[in-house]
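Chemist: Build the 3D model from these lines:
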Amino acid sequence: MTSSGTYVRVMLFLLLAIVSGASAKPVASDSTWWWPSSSSGCTSPETRVEWTTLSSQQKTAYFNAELCLYAAPARTSIPGVISRYDDLVGVHSVQSNTTDLGDLWHPTGQFLAVHRYYVHTHAMLLRRECGYRGPIPYWNEVPDAGAFANSTTILDFGGEGDESSSYLVPSGPFANLTVHLGPGMTNTDHRLTRKGDVKNSVQANQTYVDAVMSTTTFAQFQRSVSSSLHGAGHGGIGGDMINILTAPNDPLFWMHHGYLDYVWWKWQGRNQTRIHDLVGAGNETGKAPPTGFVATSEATKLYVYELIANATVGDVVDTQGGFLCYTYV
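Modeler: Prediction:
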């Protein structure tokens, strides 16, 4: 980490915000089953699954847990937060637009790593604070490329917005949902919106996936994901999802970034070289500190305001490394 005074001020701001937030409490005495300690290894990883493989009962349980986070009060002091779900959105928003160092989460070497840990953080809040015991799902976007309006996953989450209603989510568990952060740089209560874009969604197709998977270094892989699959989901859904600061307002965010994590996991395999390859991946900050850029490394810190414990890139590059413990099907 750089010793720059500017960078230190930003990190102190993040740490002060962390201290002001309360730690989450487990919902049951046996709730540690889903989060192994780093010393316990990963002998029985949980399996994350594609959304459409869930039963109707499992989908309902997932939605109920998500709505529980929307209903629970915030525990951090991030400006504008009202609900526990807002705490999650706020963590993303604040670190995507720091004053002196720019975006710490997107044009950086830790882009995929920090979003992997962020998706994990969301999953842990569902479990710890809302009692969710089902599998953590992701959205397989390839079959829906160019036709998000007909996607089973998007329809289950309420469908695309209707132009006649200013693109408000029309149905399902998140219809008429009021979100509190964004849009843009300001926080104004507004209804959740989706404004699909077919041109963007086409970039989720197999041709783009094949191009991503054909890369041979992590730096190439991350750049390829960022320039194609990442934008396909955000732009293809549109509405709240295209705001880089507060895209997590839309619960489809977790489905989309779960998918990107699945693609990364698949590219990594159990190849230790790929798992630990950060050469040329990028820097820790979007803007250069006075002392110059610092390359992302396994020591780079990942801050989630102690919604769960903070981590490092090295903690999360391996989904079966012990700190994390999951695979995909």
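
Chemist: Please count neighbours and contacts with C-alpha atoms only from this point.
Modeler: OK.

Chemist: Could I get the full set of strands for this structure?
Modeler: 46-50, 137-138, 178-179, 190-191, 301-302, 311-312, 326-328 (DSSP state E).

Chemist: May I have the strands that pair with the longest one, each with its orientation?
Modeler: I take that to be strand 46-50. strand 137-138 (parallel), strand 326-328 (parallel) (DSSP bridges).

Chemist: next one: the third one
Modeler: Strands that pair with strand 178-179, judged by DSSP bridges, come out as strand 190-191 (antiparallel).

Chemist: before we move on, the earlier item: closest one to Thr108 among the strands of the chain?
Modeler: With C-alpha to C-alpha, the closest approach to Thr108 among the strands of the chain belongs to strand 301-302: 12.1 Å.

Chemist: Contacts made by that closest one with the rest, please.
Modeler: Here strand 301-302 makes contact (C-alpha atoms under 8 Å, 6 or more residues apart in numbering) with 114, 117, 310-313.

Chemist: Which other helices and strands does the single longest helix found in the chain contact?
Modeler: Scanning the chain for the helix with the most residues, using DSSP state H, yields helix 111-130. Where contact means 3 or more C-alpha pairs under 8 Å, 6 or more residues apart in numbering; DSSP states H and E, helix 111-130 is packed against helix 56-71, helix 252-268, helix 313-316.

Chemist: If we use 10 Å, what do you get?
Modeler: helix 56-71, helix 84-95, helix 218-227, helix 252-268, strand 301-302, strand 311-312, helix 313-316 (3 or more C-alpha pairs under 10 Å, 6 or more residues apart in numbering; DSSP states H and E).

Chemist: just to revisit the earlier point, any chance of a PyMOL selection covering the buried ones in the contacts of strand 301-302?
Modeler: Entered in PyMOL, the line below selects the buried ones among these, by 16 or more other C-alpha atoms under 10 Å:
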select buried, resi 114+117+311+312+313
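
Chemist: of all the contacts of strand 301-302, which comes closest to Leu54?
Modeler: For those, the nearest to Leu54 is Tyr117 (23.1 Å; C-alpha to C-alpha).

Chemist: The closest one contacts Asp318, doesn't it?
Modeler: No: Tyr117 lies out of contact with Asp318 (C-alpha atoms under 10 Å); the separation is 11.0 Å.

Chemist: any common contacting residues for those two?
Modeler: Leu324 (C-alpha atoms under 10 Å, 6 or more residues apart in numbering).

Chemist: Reformat the contacts of strand 301-302 into a markdown table and put distance to Arg194 next to each item.
Modeler: Listed next are the contacts of strand 301-302 as a markdown table, based on distance: C-alpha to C-alpha, whole Å:
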| residue | distance to Arg194 |
| --- | --- |
| Val114 | 25 |
| Tyr117 | 25 |
| Asn310 | 31 |
| Ala311 | 32 |
| Thr312 | 33 |
| Val313 | 32 |
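
Chemist: Looking at the contacts of strand 301-302, which one is closest to Gly239?
Modeler: Nearest to Gly239 among the contacts of strand 301-302: Val114, at 23.2 Å, using C-alpha to C-alpha.
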